[in-house]
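**Student:** From the sequence below, what's the structure:
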Amino acid sequence: MAEDKTAAQSPLDAARTAGEGDRSAALTAGQQGHLPDLLGLEWLEATTGRVRGRMTVTQRHMAPNGFLHAASVIALADSACGYGCVVSLPPGAVSFTTIELKSNFLGTVREGGGAAVEATLVHSGRNTQVWDAVVTAEETGKTIALFRCTQMVLYPKA
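**Tutor:** So this is what the prediction gives:
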């Protein structure tokens, strides 16, 4: 018999089931050893419909041409939106998966600078969620990326 992957325990289950209020500490603990942890992503707030976080840009975030790698910015924005989905799942849902994303890059952050993200829930349906994220340079407040993603909400198999 095939294993039901949607029912498997996730490192983020504690954040998903923690109830209302700020769940940023549970998300940070749950990301240990995974890409967001390896990139040094920090979570400042995680409540239903909203997630705020940041990263300090280091060499690991840079492209070989000396500029902030687009994938690092996407990892920050997508993680914020995904974590937002985790803490905003409708009753009975067990997880989610990203089904679409889009990014517009408007600026950059140099090594040593900080990048902040704020993700907000735009659509909260039974089967999908749509999230927008704005990534900014902490030093200037300038928007460096606009991000939108659609999440498919997953339920246990019957």
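
**Student:** what are the ranges of the helices in the chain?
**Tutor:** Along the chain, counting by DSSP state H, helices occupy 13-16, 24-30, 35-38, 70-87.

**Student:** pLDDT averaged over stretch 78-88 - what is it?
**Tutor:** Throughout stretch 78-88, pLDDT has a mean value of 96.

**Student:** which stretches of this protein have low pLDDT?
**Tutor:** Scanning the chain with the threshold set as pLDDT under 70 gives 1-11, 18-19.

**Student:** How about Phe67, nearest residue that isn't a chain neighbour?
**Tutor:** Nearest residue to Phe67 in three dimensions, chain neighbours excluded: Thr108, at 5.6 Å (CB to CB, 6 or more residues apart in numbering). For every residue, glycine as well, the C-beta is placed using N, CA and C.

**Student:** List the residues that contact that neighbour.
**Tutor:** Residues near Thr108 by CB atoms under 8 Å, 6 or more residues apart in numbering: 67-68, 137, 144.

**Student:** can you count the residues close to Met62?
**Tutor:** Residues within reach of Met62, counting by other CB atoms under 10 Å, total 16.

**Student:** Kindly report the same for Ala14.
**Tutor:** Burial of Ala14 is recorded as 14 neighbouring residues (other CB under 10 Å).

**Student:** Please work out which of the helices of the chain is packed deepest.
**Tutor:** Highest mean neighbour count among the helices of the chain (mean count of other CB atoms under 10 Å): helix 70-87, with a mean of 23.

**Student:** picking that back up, could you dump the contacts of Thr108 into TSV and include neighbour count and distance to Lys102?
**Tutor:** Formatted as TSV, the contacts of Thr108 follow (neighbours: other CB atoms under 10 Å; distance: CB to CB, whole Å):
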residue	neighbour count	distance to Lys102
Phe67	13	20
Leu68	22	18
Ala137	19	21
Ile144	21	15
